[in-house]
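In: Need a 3D model of the following:
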Amino acid sequence: MSEPIFMFDANDPQMQQAYRSAQDTFRYFWRELAWERRRIVPGLDMAMVKLPFTDGPRTDGKSEYEHMWVGDIGFDGDSVSGTLLNAPNWLTSVRKGDAVSVPFSHITDWMMTADGRAYGGHTVNLMRARMDRSARSQHDQAWGLDFGDPADIQIEIQRQPKAKKGLLASLFGKSAPKEILTFCDHPMCVNMLPKVEAQLKADPGIARSIDDQGWSLLHHEALAGNLGITTLLLRYGADPSARTPSGYTAGDLARKIGWLELAESIR
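Out: Below is the predicted model:
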C-alpha cells in the first residue's frame, strides 16, 4: 500500500497530540482486533498501526523518521509487532514485508476499517483537517474510505446497541463498584457470556489453563478489555496473581493498556 507523504515539523504540537490520542485509544483497536480473530466471518476490512522507523541521523535534508503502516498486529503489553505494509521512500534499514517490533510508546496512529468506514486515523484526520475541501475529497477517494468529519474521530464500531449496565451488575452482584457500572463491554463479549460460562461449568480447569506463551485466559481477556469474561474466569478459579513470562498480572496488563475499570475488578 502507499499513501501521500506529508512532511511536518517533528515538534508540531497538534501532531504530538494526535500521537498521544492514538496511544490513549489503542485499547479499543486492540479489543476489536482480539474479537476479529474469533470471528468466523471477518468483520474488519483492514487493521493497522503506524510506527516510526529510522536509519539514524541524516545529513541529506530528509526526515530522520519515516512513519509507516504495519499490519498483522500483535501486542504483548510492551511492544507492537507486525508486518511492514509500506515500501519506505528513503529508509534502507527496513523493507516492505519485514517483520517488525516497536515499543508501544512509539505508536503514532492506528486505524481499522469496516464496511468502507474508517475508525481511528488520528494523524490522518489531522492532515485531512488541514486540507481544503477539494484536497480532502481527493484524499478520501484515493483511500476509498469514508473518514467522516476530521474533528469527530470514531474509535469504536457500533454494530448494535451497547451493553446494558444491568448485565454487568448481575455479574458482580450488589457490590459492583459504581465506576464499573459505567464500563461497556464489546457486544461480542456480552453475547458470548452464556457460552463461556457453560464451558467453564463443564470444565473449570479452563480458567487456570496456561498457553504455550505462558499466558492464561485471564491475561488475554484482561488485555483485550473483556470485563464480563474476566469476571467469569475469576468466579471459576482463575488466578489473579498469575504472571506472564514478562512478569505481568492480568491487572497489570489491563492497567498498561488503559482498561482501568477492568484492572480494579481483578482481585
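In: contacts, neighbours, all on C-alpha from now
Out: OK.
In: in the protein, which helix or strand is least confident?
Out: helix 165-172 (a mean of 52; mean pLDDT, DSSP states H and E).
In: what separates stretch 56-72 from the chain centre, distance-wise?
Out: The chain centre lies 23 Å from the centre of stretch 56-72; the measure is C-alpha atoms, centre = their mean, to the nearest Å.
In: now swap in stretch 71-81 and tell me
Out: So, by C-alpha atoms, centre = their mean, the centroid of stretch 71-81 is 9 Å from its chain's centroid.
In: buried ones in it?
Out: Buried residues in stretch 71-81, counting neighbours by 16 or more other C-alpha atoms under 10 Å, are found at G71, I73, G77, V80, S81.
In: The first one contacts A47, doesn't it?
Out: What that stands for is G71. Yes - contact between G71 and A47 holds when scored by C-alpha atoms under 8 Å: they sit 6.5 Å apart.
In: With just CA atoms, put the helix or strand containing N191 into CSV.
Out: Per DSSP states H and E, N191 falls inside helix 187-202. These are the backbone C-alpha positions of helix 187-202, laid out as CSV (Å, rounded to 0.1, in the frame of the first residue of the first chain):
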residue,chain,number,x,y,z
PRO,A,187,-21.1,-6.6,22.1
MET,A,188,-19.5,-9.9,21.2
CYS,A,189,-18.3,-10.2,24.8
VAL,A,190,-21.8,-9.7,26.0
ASN,A,191,-23.2,-12.2,23.5
MET,A,192,-20.5,-14.8,24.4
LEU,A,193,-21.0,-14.8,28.2
PRO,A,194,-23.6,-17.6,28.3
LYS,A,195,-21.4,-19.8,26.1
VAL,A,196,-18.3,-19.0,28.1
GLU,A,197,-20.0,-19.8,31.4
ALA,A,198,-21.3,-23.1,30.1
GLN,A,199,-17.8,-24.1,29.1
LEU,A,200,-16.4,-23.1,32.5
LYS,A,201,-19.1,-25.0,34.3
ALA,A,202,-18.3,-28.1,32.2
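In: where does the chain have low pLDDT?
Out: 1-10, 159-182 (pLDDT under 70).
In: how is this structure carved up into domains?
Out: As assigned by automatic domain parsing, the chain contains the domains 13-143, 165-265.
In: Dump those domains to a markdown table, plus distance to I157.
Out: Below are the domains of the chain laid out as a markdown table (distance: least, C-alpha to C-alpha, whole Å):
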| stretch | distance to I157 |
| --- | --- |
| domain 13-143 | 8 |
| domain 165-265 | 10 |
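In: And the longest strand along the chain, what does it pack against?
Out: Among the segments of the chain that qualify as a strand by DSSP state E, the longest is strand 65-75. Judged by 3 or more C-alpha pairs under 8 Å, 6 or more residues apart in numbering; DSSP states H and E, strand 65-75 is in contact with strand 46-54, strand 79-84.
In: Identify the residue nearest K201 in space, chain neighbours excluded?
Out: Spatial nearest neighbour of K201, excluding adjacent residues (C-alpha to C-alpha, 6 or more residues apart in numbering): Y236 at 7.8 Å.
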